[in-house]
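Chemist: Sequence plus predicted model, see below.
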Amino acid sequence: MTDRIRALAEDHTFYDWDEAATLAVRVDDLRHTIANEFLRQAPRTAANLLGALANTSDLAMERVDDSSGEVGMAYDEVVDAWGAAWAAVEDRDPESVASVVFHRIVAEKYGVGPNLLSAFGVALGPSGHRALRQVADALGDVDAFIASLEADGRTEREAVEVAVRLGAAGRAEEALAWLGRATPAEQASERGAAAHIDALL
């Protein structure tokens, strides 16, 4: 199975718009095979193989005219299966899973896998979402921080925290927009007021 995934990654064929379905089917077949052969008996192996398959998405998208969206959708299904496989690993460490998710977010070039955080919701759990935010903070990745809040349904409650980070990243207009989403009490808080001044300056 590893050889088939490596062959997909190393394939230099360019797939035109009318050939994209061929590549999508190839990705689908690999996903189905991994799920059928490993998911029930060896979910961690399935998770690792699906992760390797998901990580071929950037290379694949560089050599296909995916105007139909078929290849992108095939990889979205890989991400769903990847998250489900990690959720089936009973002794998983949510913080380690958060690291896996974060590195996929950072590596993503083509917007493939917008369902990544929702797919990993169960596998991450509350502690995993907190870890994801901590890793995002450590690397200064504001977008990953926001994405983790969105997946956890905490964007409105953490609007000031988002604004602080956007301001520090030099994204003043976005910071002001996020401050506008905060409650009046949060806007008037010491941290909210400081974020507002920083964004204006």
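Modeler: That came through, no problem. In this text the structure is predicted, and so the values were computed from the model without any measurement. Numbering: from 1, shown residues only.
Chemist: how about residue 15, phi and psi?
Modeler: Note on residue 15: its backbone torsions stand at phi -100, psi 110 [degrees, to the nearest 10].
Chemist: Run through the bridge partners of it.
Modeler: Here residue 15 sits in beta bridges with residue 64, going by DSSP bridges.
Chemist: and it, how many neighbours does it have?
Modeler: 19 (other CB atoms under 10 Å). For every residue, glycine as well, the C-beta is placed using N, CA and C.
Chemist: can you check residue 21 too?
Modeler: For residue 21, using other CB under 10 Å, the count is 15.
Chemist: Quick one: low-confidence residue ranges for the chain.
Modeler: 111-113 (pLDDT under 70).
Chemist: Where do the strands of it begin and end?
Modeler: Under the criterion DSSP state E, the chain contains no strands.
Chemist: What segments of it are helices?
Modeler: Along the chain, counting by DSSP state H, helices occupy 2-10, 20-34, 43-54, 57-61, 70-87, 94-107, 116-119, 121-139, 142-151, 159-168, 172-179, 184-188, 190-200.
Chemist: quick one: contacts of the shortest one?
Modeler: So that's helix 116-119. 79-80, 82-84, 101, 104-105, 108, 113, 124, 147-148, 150-151 (CB atoms under 8 Å, 6 or more residues apart in numbering).
Chemist: quick check, nearest of the residues you listed to residue 91?
Modeler: Nearest to residue 91 among those: residue 124, at 15.1 Å, using CB to CB.
Chemist: what sits against that closest one?
Modeler: Residue 124 sits next to 94, 97-98, 101, 117, 131-132, 151 when contact means CB under 8 Å, 6+ apart.
Chemist: do that again at 10 Å, thanks
Modeler: 83, 86-87, 92, 94-95, 97-98, 100-101, 117, 130-132, 148, 151-152 (CB atoms under 10 Å, 6 or more residues apart in numbering).
Chemist: Any of the contacts of helix 116-119 buried? List them.
Modeler: Buried residues within the contacts of helix 116-119, counting neighbours by 16 or more other CB atoms under 10 Å: 79-80, 82-84, 101, 104-105, 108, 113, 124, 147-148, 151.
Chemist: nearest to residue 69, of those residues?
Modeler: Closest approach between the buried ones among the contacts of helix 116-119 and residue 69, by CB to CB: residue 113, at 13.2 Å.
Chemist: got the buried ones among the contacts of helix 116-119 as JSON lines, with distance to residue 8 columns?
Modeler: Compiled in JSON lines, these are given as follows (distance: CB to CB, whole Å):
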{"residue": "79", "distance to residue 8": "16"}
{"residue": "80", "distance to residue 8": "18"}
{"residue": "82", "distance to residue 8": "15"}
{"residue": "83", "distance to residue 8": "20"}
{"residue": "84", "distance to residue 8": "21"}
{"residue": "101", "distance to residue 8": "22"}
{"residue": "104", "distance to residue 8": "17"}
{"residue": "105", "distance to residue 8": "22"}
{"residue": "108", "distance to residue 8": "17"}
{"residue": "113", "distance to residue 8": "16"}
{"residue": "124", "distance to residue 8": "27"}
{"residue": "147", "distance to residue 8": "27"}
{"residue": "148", "distance to residue 8": "29"}
{"residue": "151", "distance to residue 8": "28"}
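Chemist: Please consider this matter closed, and thank you.
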